[in-house]
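Peer 1: here are the coordinates; sequence isn't available:
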């Protein structure tokens, strides 16, 4: 059978192991070919090919439900659920999404881009099934470090107390997080424990004792302890933990042995209650370069499949914001041992892996546990440390309560550095950094700032570390800077809440925040071609606003435009409009940013064009809104 002919996973039912191995080979070829050409997640999907094929041999996806934890594991799933011929559009505008998406395909039973959600969602489905009196299987596949997330442990705790709710949890252990012993003995002991003869022996042991003279029911507690002791002898250490939490544990199973996987999954479905199947896989399986560098090949930009090396850019690029952030933080930390960088399993993405290499004692990785990261930072701040919490904007959403309750109420000096703020591109709505301005601006005792370029980021890093009157946050975008000259020394903190005027004009006031400052400048140049002269202000701070500068200019000019790369509702523009309204300044305000919609996967430039956020589009909107176009002077 050819993979290109598979439009429904049930078509694979009944294939021989040899035929399934051929399908696995074709999946890896298509996966590698696609990611090499257009970029995407590589290692996770390559590692679960056999797991996917084996599990789906035991399920009917017209009825049964499967929840993948973080959809970047699910590329093989996509390839056998009718998306083979569109797979070349992966992560491209209007193409196949990089994560699971309920609206994209009927077999995507639950969509998620943030980790540790699968067991909760699957348990919810299982409970809904039981409430409706229906009968179908529900499976959750979790791995790639997601089990470190507190939400996953909360779900395991809940499911373990529901002995009559059938739920299958597959732990995809690729040795990037949990690394239990894998070998012939634990596998053999597991087979013994779940085999019908052993089950028959243990089930009948109590019955035999009950018939002994003078004993009857009196030994029941002792017999239970004997039976539990027998189980403990047969369960690997990591399995004992899950058994204590109420799961039947099976494993470790070789995640690349189709026959063993199929046999184990079939056996797991026979048991009542929650079952955890522990599968040992190799991240990047089938591509030697990815197997060797499992961190580096978790996700890749387009690369040469033969060499594994990235395709070089046609022209040199300025350093990325993440790189400038990391290198500046290292310089500061070398001179201040109280500085501690904190990441939530995103050391490479945030650049903190460089801090780990340079100053390991001033680096902490808490795993996928953003809530813990925030409160850990609060504890560090209590004792005089200077915690710098580097978390993507989209992931810091998970720590909102801790920001309010543990940091800001207590006015603790925690510095939040929000990477990937704004439009991030191909990862789509689960990863867009749209909401941080709005969800942080409403919290008391929190300063918000955003640099216009990489050089200003350096100064804001100094500002954030020096600020001790409460919490402070800095947002910055994904990707490369503008090529602004970086400072080597003599960095000075910025005065809190002070903006700067970049351009003078009397016709309209343009207020840019963070990544939208340079586009505001470009918009001003276009307006100038139409005879409209704009004052452009780099706001620097969304909270507190520089009202001493902004309000007089707004009153004088009367027409105000705000620019932000984030949601308009509650964002920077809202802050300006509220300030003008509260001060009863007679000025009109136009807010430019992201409306109340989800921004789908596409390149950032494509998304900005679709949202009307390019300088020509913004200039046209300003001219149309304010009707301020002046006649061009004859030359």
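Peer 2: Received, thanks. Just so we're clear, the structure is a prediction, and the values are computed from it rather than from any experiment.

Peer 1: which parts of stretch 106-114 are buried?
Peer 2: Neighbour counts over stretch 106-114 (16 or more other CB atoms under 10 Å) mark 107-114 as buried. Where you see a C-beta, it was placed from the backbone N, CA and C, and this is true even at glycine.

Peer 1: and those residues as a markdown table, adding pLDDT?
Peer 2: Below are the buried residues of stretch 106-114 laid out as a markdown table (pLDDT from 0 to 100):
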| residue | pLDDT |
| --- | --- |
| 107 | 95 |
| 108 | 94 |
| 109 | 95 |
| 110 | 94 |
| 111 | 92 |
| 112 | 85 |
| 113 | 87 |
| 114 | 90 |
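
Peer 1: Relative to residue 510, which of the residues you listed is nearest.
Peer 2: residue 113 (33.6 Å; CB to CB).

Peer 1: Look up the closest residue to the closest one, ignoring the ones flanking it.
Peer 2: Using CB to CB, 6 or more residues apart in numbering and skipping the chain neighbours, the partner closest in space to residue 113 is residue 430 (2.6 Å).

Peer 1: tell me the contacts of residue 117?
Peer 2: Contacts for residue 117 were tallied using CB atoms under 8 Å, 6 or more residues apart in numbering; they are 69, 110, 151-152.

Peer 1: count of neighbours near residue 161?
Peer 2: Neighbour count of residue 161, defined by other CB atoms under 10 Å: 10.

Peer 1: Now do the strands in the stretch 301-450 of the chain.
Peer 2: Ranges of strands within the stretch 301-450 of the chain are 339-343, 363-365, 386-392, 415-419, 446-449, based on DSSP state E, counting those that start in this stretch.

Peer 1: quick one, which of these is packed in tightest?
Peer 2: Stretch with highest mean neighbour count among these: strand 415-419 (a mean of 28; mean count of other CB atoms under 10 Å).

Peer 1: what about the lengthiest helix in the chain, average pLDDT?
Peer 2: Longest helix in the chain by number of residues (criterion: DSSP state H): helix 17-38. The pLDDT scores in helix 17-38 average 94.

Peer 1: List the buried residues in that helix.
Peer 2: 20-21, 23-24, 26-28, 30-32, 34-36, 38.

Peer 1: So what touches it?
Peer 2: Around helix 17-38, the neighbours that count as contacts under CB under 8 Å, 6+ apart are 1-3, 6, 12, 15, 40-42, 45-46, 49-50, 53-54, 57, 75-76, 79-80, 84, 87-88, 90-92, 258-259, 285-287, 300, 302-305.

Peer 1: What is the burial count for the residue nearest to residue 113?
Peer 2: Applying other CB under 10 Å, we find 20 residues neighbouring residue 430.

Peer 1: likewise residue 294?
Peer 2: Neighbours of residue 294 under the rule other CB under 10 Å: 18.

Peer 1: quick one, what contacts it?
Peer 2: Applying CB under 8 Å, 6+ apart to residue 294 gives the contacts 43, 174, 176, 283-284.

Peer 1: cutoff 6 Å now
Peer 2: Residues counted as contacts of residue 294 (CB atoms under 6 Å, 6 or more residues apart in numbering) are 43, 283-284.

Peer 1: most neighbours, which of those residues?
Peer 2: Going by other CB under 10 Å, residue 43 tops the contacts of residue 294 with 27 neighbours.

Peer 1: Tell me the secondary structure at residue 7.
Peer 2: Three-state assignment for residue 7 (DSSP: H, G, I helix; E, B strand; the rest coil): coil.

Peer 1: of the strands of the stretch 301-450 of the chain, which approaches residue 572 most closely?
Peer 2: strand 446-449 (8.6 Å).

Peer 1: Neighbouring strands of that closest one in the sheet, and parallel or not?
Peer 2: strand 471-475 (parallel), strand 541-543 (antiparallel) (DSSP bridges).

Peer 1: ok, the residue lying closest to residue 281 once chain neighbours are set aside - how many residues close by?
Peer 2: Leaving aside its sequence neighbours, residue 281 sits nearest to residue 255 (CB to CB, 6+ apart; 3.5 Å). The tally of other residues near residue 255 (other CB under 10 Å) stands at 27.

Peer 1: Residue 255 and residue 279 touch, don't they?
Peer 2: Yes. Contact criterion CB atoms under 6 Å: residue 255 and residue 279 qualify, at 4.2 Å.

Peer 1: who's in contact with the nearest residue to residue 326 once chain neighbours are set aside?
Peer 2: In this structure, residue 326 finds its nearest non-sequential neighbour in residue 351, 3.1 Å apart by CB to CB, 6+ apart. Counting by CB under 6 Å, 6+ apart, residue 351 touches 322-323, 325-326.

Peer 1: Would you mind naming the helix or strand containing the closest residue to residue 169 other than its chain neighbours?
Peer 2: Excluding its sequence neighbours, the residue lying closest to residue 169 (CB to CB, 6+ apart) is residue 276, at 4.7 Å. Assigned by DSSP states H and E, residue 276 belongs to strand 274-280.

Peer 1: Can you tell me how far residue 28 is from residue 108?
Peer 2: Separation of residue 28 from residue 108 (CB to CB, to the nearest Å) stands at 21 Å.

Peer 1: can you check residue 599 too?
Peer 2: Counting by CB to CB, the gap from residue 599 to residue 108 is 19 Å.

Peer 1: The residue nearest to residue 169 contacts residue 242, doesn't it?
Peer 2: Yes. If you go by CB under 6 Å, residue 276 and residue 242 touch, sitting 5.0 Å apart.
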